[in-house]
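Enquirer: model this:
(2 chains, ligands or ions: 2)
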Amino acid sequence: MTAMGHDAPAGDLRLADLTKRFGAFTAVDDLSLTIPQGSFFALLGASGCGKTTTLRMIAGLEEPTSGQVLLGDRDIARLRPYKRPVNTVFQSYALFPHLDIAENVAFGLRRRGIRKVDDQVQRMLSLVQLDGYGRRRPAQLSGGQQQRVALARALINHPQVLLLDEPLGALDLKLRRQMQIELKRIQTEVGITFVHVTHDQEEAMTMADTVAVMNAGRIEQLGAPADIYEFPATAFVANFLGQSNLLAGEAAGSAGREVPVSAHGGRFSVPAGRARADRGPVYLGVRPEKLHLAGSADQVPSGHQHVDGVVTDASYVGVSTQYLLRTSWGSELSVFVANSGTHGQVPVGTRAVAYWDPRHAFLLRREPGEDDRTTPVLDEPVGASS
Amino acid sequence: MTALAHVPTGQSTASSPPPAARSGRYRFLPYLLLLPGAAWLFLFFALPLLQLAAASLYDPTGSLATGYAMTWAFSNYPEALQAYWPQFSRSFLYAGIALVLALLMGYPLAYAIAQKAGRWKNLLLVCVVAPMFTSFLVRTLAWKTILSDNGWVVGLLRDIHLLGPDGRLLATPVAVILGLTYNFLPFLVLPLYASLERLDYRLLEAASDLYASPVQTFRKVTLPLSMPGLIAGTLLFFIPATGDYINAELLGTPNEYMIGNVIDSAFLVRLDYPQGAALSFLLMAAILAVVFVYLRKAGTDEVL
Ligand SMILES: Nc1ncnc2c1ncn2[C@@H]1O[C@H](COP(=O)(O)OP(=O)(O)OP(=O)(O)O)[C@@H](O)[C@H]1O
Ligand SMILES: [Mg+2]
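Expert: Ligands and ions are numbered 1, 2, ... in the order given. This next block holds a predicted model:
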């Protein structure tokens, strides 16, 4: 039997109050979201937050504890996996060891009763740059090659929804970029809805129309990559997607178009439109690249706000230099200064002030008692690599 | 049995030569270790086999009392076959039917234990093996009681008219085949279990994600991946079942006798050693031929 409506317009993919519990543990917690037809949706989140479980429920491999999976206006949540116009690129590849690469790729076509598959298989293999590998067995390929076979095996079916569970994780940077471009091209050309799970923020931001950041089974924020990055909704998102300097402070309601904040003895303000909370304990957040360094407070341009400190670390990473500035109360702020050649390097040990334009700051809700959250420089900032 | 490993593991090219010749002191160690086993095989397998081969060519007119003369009597073979071809073909027929029955029961059983049993797995495995803790003979005798004319099985079958009022199970081909099926079932189930246990359920999920219905998933993924176990189990079942004589002896009548019974009586009752030996070799050759054809067919991927 042919799976229904393979070339029919699909409609949006909607998850409604989707919940999955394993015993007492809630892996996916009341998830609701709409993924427009033909869009590229990226799901980001820490390990174990429920990304794979969500994909499995869409694919039909996991039965939701409650909630609906709708494709167009059809509820497919109770449909068997092989009846869904959905294909998956599995995190573990799951290639069939007893079939050669060509037959692995052709598997879905053959099951739908399509006889002439050779041309399509050839095209798919060359798309993932595996020409000539058709007669090999999966065990004879490298991890990255196997991953590309998994990709080809799912893509060849032109499903209405393609679920990708870290499909490029095993590839080197160059190949990964090429595959990203190919994937994006296919997605726009064929109009398949992509749901893409990745740990690579850059991948998510460059490829996706919409990014959702998941945490402990819930979606913390969903939106266009730039919107999420520029104005995160929660402290988790602010630090999961890129880095943020979050200073613990108190706000007492907005005053006109500003929200005044007091933090560590200093007085700051944030435009009311960039405040997720304007009363009680808050985080004042500024991205490291939105901070600038100056030698002293009188060099700070007017309209900017600043904190004083001592430079404790300077890491030169080519496009930028990443400084750590220890404040008078002991927190360390990250400051990224682009190496545009207009400033010299600031030596470690010098006193400096970090300043920012208040329009680049944001205000987030804070649990009472939580202290500053400034992330150490662990990985490159989003967009820093070429 | 290279065919058992027909799923490539990618090691064929990677295996490096063993560093045997490296140190002279241990060079002969592997052969030394081989010695006890080789000596055992030679004394108790190769020599008796030769002896048996010789016996199959003795002058058939001799007897234990007068002694046998070696006359290279190749005619022993066609004569034995001529006399006992019904028992011969019956052996293969009964073993074949029993094999089919055992597969129908054993495959689902092995599959359930391997993939679905969860924490009951070990207990179920013990249940499969447990009957072997008692002797083959005792178990078959127990079946004799169960299938007897006034046993409850026959009683029940008569009550529901599956058997006529005088119908019986004991001393029929049915009893012999049931006995064979029962007695050799574990030999089929255990290798199958080992194969299915290794089967990665994520491959089954991938298949169903790729539009394979449960039946197609079974045919295209489960079955090919369990082939090594299936082949091993089938052989372990079929070979001893074909040569068996206990089941026909205890559960059947001379009308159900298999070739094992004939060989048994040739050696122990009729004392016709040349004929017994010739029949033994014929059985061996026939089984080898069947196994060879089977492996040639089943050992390739195109079998299904
Ligand atoms: N079958 C299961 N039984 C019990 N718990 C499960 C099961 N499957 C997943 N979980 C739990 O549900 C949570 C979410 O798992 P999931 O595989 O969705 O994480 P993930 O977001 O994909 O993580 P990763 O990025 O590491 O792949 C985990 O804590 C996991 O331990
Ligand atoms: Mg996962």
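
Enquirer: contacts for stretch A:345-360 next, please.
Expert: By Cβ atoms under 8 Å, 6 or more residues apart in numbering or on different chains, the surrounding residues in contact with stretch A:345-360 are A:258, A:268-271, A:274, A:286-287, A:290-297, A:299-301, A:303-314, A:316, A:321, A:323, A:325, A:333, A:335, A:337. For the C-beta atoms, the positions are set from N, CA and C on the backbone; glycine is no exception.

Enquirer: go again using 6 Å as the cut-off
Expert: Identification of contacts with stretch A:345-360 by Cβ atoms under 6 Å, 6 or more residues apart in numbering or on different chains yields A:269-271, A:286, A:290-294, A:297, A:300, A:304-308, A:310-311, A:314, A:325, A:333, A:335.

Enquirer: with stretch A:60-77 instead?
Expert: Contacts for stretch A:60-77 (Cβ under 6 Å, 6+ apart): A:10-11, A:13-21, A:56-58, A:81, A:84, B:205.

Enquirer: again, but for stretch B:107-122
Expert: If you take Cβ under 6 Å, 6+ apart as the criterion, stretch B:107-122 is touched by B:124, B:189, B:192-193, B:196-197.

Enquirer: which bits of chain B sit near chain A?
Expert: B:7-8, B:10, B:202-203, B:205-206, B:208-213, B:216, B:224-225 (Cβ under 6 Å from any Cβ of the partner chain).

Enquirer: next one: residue A:350 from ligand 1, what distance?
Expert: 41 Å (Cβ to the nearest ligand atom, to the nearest Å).

Enquirer: report pLDDT for that residue.
Expert: Residue A:350 carries a pLDDT value of 92.

Enquirer: count of neighbours near it?
Expert: 11 (other Cβ atoms under 10 Å in any protein chain shown).

Enquirer: out of everything not next to it in sequence, what's closest to residue 77?
Expert: As the question left the chain open, I've gone with chain A. residue A:69 (4.2 Å; Cβ to Cβ, 6 or more residues apart in numbering or on different chains).

Enquirer: that's the wrong chain, I meant chain B
Expert: residue B:278 (5.1 Å).

Enquirer: residues contacting that neighbour?
Expert: Taking Cβ under 6 Å, 6+ apart, one finds B:56, B:76-77, B:80 in contact with residue B:278.

Enquirer: export these to TSV and tack on secondary structure, distance to residue A:125 and neighbour count?
Expert: Below are these laid out as TSV (DSSP: H, G, I helix; E, B strand; the rest coil; distance: Cβ to Cβ, whole Å; neighbours: other Cβ atoms under 10 Å in any protein chain shown):
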residue	secondary structure	distance to residue A:125	neighbour count
B:56	coil	59	22
B:76	helix	62	25
B:77	helix	57	19
B:80	helix	59	27
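
Enquirer: from ligand 1, how far off is residue B:263?
Expert: Taking Cβ to the nearest ligand atom, one finds residue B:263 at 56 Å from ligand 1.

Enquirer: quick check: which helices or strands does the helix or strand that residue falls within pack against?
Expert: Element membership for residue B:263 (DSSP states H and E) is helix B:259-268. Contact partners of helix B:259-268 among helices and strands, from 3 or more Cβ pairs under 6 Å, 6 or more residues apart in numbering or on different chains; DSSP states H and E: helix B:76-111, helix B:273-298.

Enquirer: just want the angle from the longest one to helix B:273-298.
Expert: Read that as helix B:76-111. 40 degrees (axes from the mean of the first three to the mean of the last three Cα atoms, to 10 degrees).

Enquirer: pull out the buried positions in helix B:76-111.
Expert: With burial defined by 16 or more other Cβ atoms under 10 Å in any protein chain shown, the residues of helix B:76-111 counted as buried are B:76-77, B:80, B:84, B:87-88, B:90-92, B:94-95, B:97-99, B:101-103, B:106-107, B:109-111.

Enquirer: cool, and stretch B:285-299?
Expert: So, applying 16+ other Cβ under 10 Å, buried residues of stretch B:285-299: B:286-287, B:290-291, B:294-295, B:298-299.

Enquirer: work out the gap between it and the centre of the chain.
Expert: 13 Å (Cα atoms, centre = their mean, to the nearest Å).

Enquirer: alpha carbons of it, as CSV, please.
Expert: Extracted in CSV, the C-alpha atoms of stretch B:285-299 (Å, rounded to 0.1, in the frame of the first residue of the first chain):
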residue,chain,number,x,y,z
ALA,B,285,25.9,-39.2,2.8
ALA,B,286,22.2,-38.3,2.4
ILE,B,287,22.3,-35.9,5.4
LEU,B,288,25.5,-34.3,4.1
ALA,B,289,23.9,-33.8,0.7
VAL,B,290,20.8,-32.2,2.2
VAL,B,291,22.8,-30.0,4.4
PHE,B,292,25.0,-29.0,1.5
VAL,B,293,22.1,-28.0,-0.7
TYR,B,294,20.5,-26.2,2.1
LEU,B,295,23.5,-24.2,3.0
ARG,B,296,24.1,-23.3,-0.6
LYS,B,297,20.5,-21.9,-0.8
ALA,B,298,20.2,-20.4,2.7
GLY,B,299,23.7,-19.1,2.9
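
Enquirer: need phi/psi at the residue nearest to residue B:92 when sequence neighbours are not counted.
Expert: Nearest non-adjacent residue to residue B:92, counting by Cβ to Cβ, 6+ apart: residue B:242, 6.1 Å away. Note on residue B:242: backbone dihedrals following degrees, to the nearest 10 are phi -70, psi -40.

Enquirer: now residue B:242: how far from ligand 1?
Expert: For residue B:242 relative to ligand 1 (Cβ to the nearest ligand atom), the value is 45 Å.

Enquirer: surely that residue and residue B:91 touch.
Expert: Yes - Residue B:242 is in contact with residue B:91 according to Cβ atoms under 6 Å; the separation is 5.0 Å.

Enquirer: give the buried subset of the contacts of stretch A:60-77 as a ChimeraX selection command.
Expert: Filtering the contacts of stretch A:60-77 down to the buried ones (16+ other Cβ under 10 Å) takes a single ChimeraX command:
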select /A:10,11,13,14,15,16,18,19,20,56,57,58,81,84 /B:205
